[in-house]
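Visitor: Return atomic coordinates for the entry below.
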Amino acid sequence: MTTEAKLQTKIYDQKGKEAGVISLPEKVFAAKWRADLVHQVVEGMRSNKRAGTADTKDRGEVRGGGKKPWKQKGTGRARHGSTRSPIWVGGGVTHGPLSDKNYKRKISKKMRAQALFSVLSKKLKDGEIIFVDTLAMPEMKTKSALDVMKNLAKASGLKPLASSKKARVLTALFDRNEKAEKSFRNLSQLEVVFLKNLNPLDVLNHQYLLIENPTESVKFLEARG
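Guide: Have a look, this model is predicted:
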């Protein structure tokens, strides 16, 4: 099979029928798997999500403990100078987290794009990406959205698209569509995002990726590189 043949994939409609074929750019969907880069970008994104608000007090910041608990000798007990000591209940914390620590990591646009291309290429190779011509809905109705997913599951042979107790399908909408968003958001197996916000972390956190409006979506992804 030629490289060109590998980059040809079907486009489905909401009824699960074939609506056409799309040619995919090699740099986006045939990129080399770069585990080191993907790990670096994903860990950087996870680090950037940290609030950094956890804060503890050391023995110099806790209240009380100004008076020596008991005299130095003669009581038969261990010597203590203050109840602020970390070994006391209510005392300071040793080497605890501080809110002044900065967890932010710099991730360049090129690194983020290349990591995304690497992940998308692996997903496509594993048969875990489905292209749908449109997910626009005539009305806000969860049942209609479920019917669409059942049709796609039957056509692709991927059962988790139709039902799952956890979000295993990442659905990337090309444009904002209130009816589609509200129709699909109640399905437990789905998480809805916008294509412009697609990133390696979200893609890896889901088993399958559903891409709407593939012609424009692929153009947008290609322009990111």
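Visitor: Could you find the residue nearest the spatial middle of this structure?
Guide: Asp202 (2.5 Å; C-alpha atoms, centre = their mean).
Visitor: any idea how the chain splits into domains?
Guide: Domains of the chain are assigned by automatic domain parsing as 3-50+104-224, 52-102.
Visitor: among those, which is the most enclosed?
Guide: Among these, ranked by average contacts under mean count of other C-beta atoms under 10 Å, first place goes to domain 3-50+104-224 (a mean of 17). (C-beta placed from N, C-alpha, C; glycine too.)
Visitor: Other residues contacting stretch 90-106?
Guide: For stretch 90-106, the surrounding residues in contact (C-beta atoms under 8 Å, 6 or more residues apart in numbering) are 43-44, 47-48, 50, 52-62, 64-65, 83-86.
Visitor: That stretch - what's its average pLDDT?
Guide: Throughout stretch 90-106, pLDDT has a mean value of 90.
Visitor: again, but for stretch 25-43
Guide: Mean predicted lDDT for stretch 25-43 stands at 96.
Visitor: next one: it to chain centre, how far?
Guide: 15 Å (C-alpha atoms, centre = their mean, to the nearest Å).
Visitor: what about it, start to end distance?
Guide: Separation of the first and last residues of stretch 25-43 by C-alpha to C-alpha, to the nearest Å is 27 Å.
Visitor: Need the residues that contact it.
Guide: Outside stretch 25-43, the residues touching it (C-beta under 8 Å, 6+ apart) are 3, 6-7, 24, 105, 107, 111-112, 114-115, 117-122, 124, 200-201, 204, 218, 221-222, 225.
Visitor: if we go to 6 Å?
Guide: Contact with stretch 25-43 is made by 107, 111-112, 115, 117-118, 120-122, 124, 200-201, 221-222, 225, as judged by C-beta atoms under 6 Å, 6 or more residues apart in numbering.
Visitor: any idea how far Pro214 is from Ile22?
Guide: To Ile22, Pro214 is 5 Å away according to C-beta to C-beta, to the nearest Å.
Visitor: who touches both of these two?
Guide: Ile11.
Visitor: For Ala115, which non-adjacent residue is closest in space?
Guide: Nearest residue to Ala115 in three dimensions, chain neighbours excluded: Val41, at 3.9 Å (C-beta to C-beta, 6 or more residues apart in numbering).
Visitor: cool, Ser121 as well?
Guide: Here the residue nearest Ser121, using C-beta to C-beta, 6+ apart, is Ala31, at 4.4 Å.
Visitor: Tell me which two of the contacts of stretch 25-43 sit farthest apart.
Guide: Ile107 and Leu124 (23.1 Å; C-beta to C-beta).
Visitor: That's all I had, so thanks and see you.
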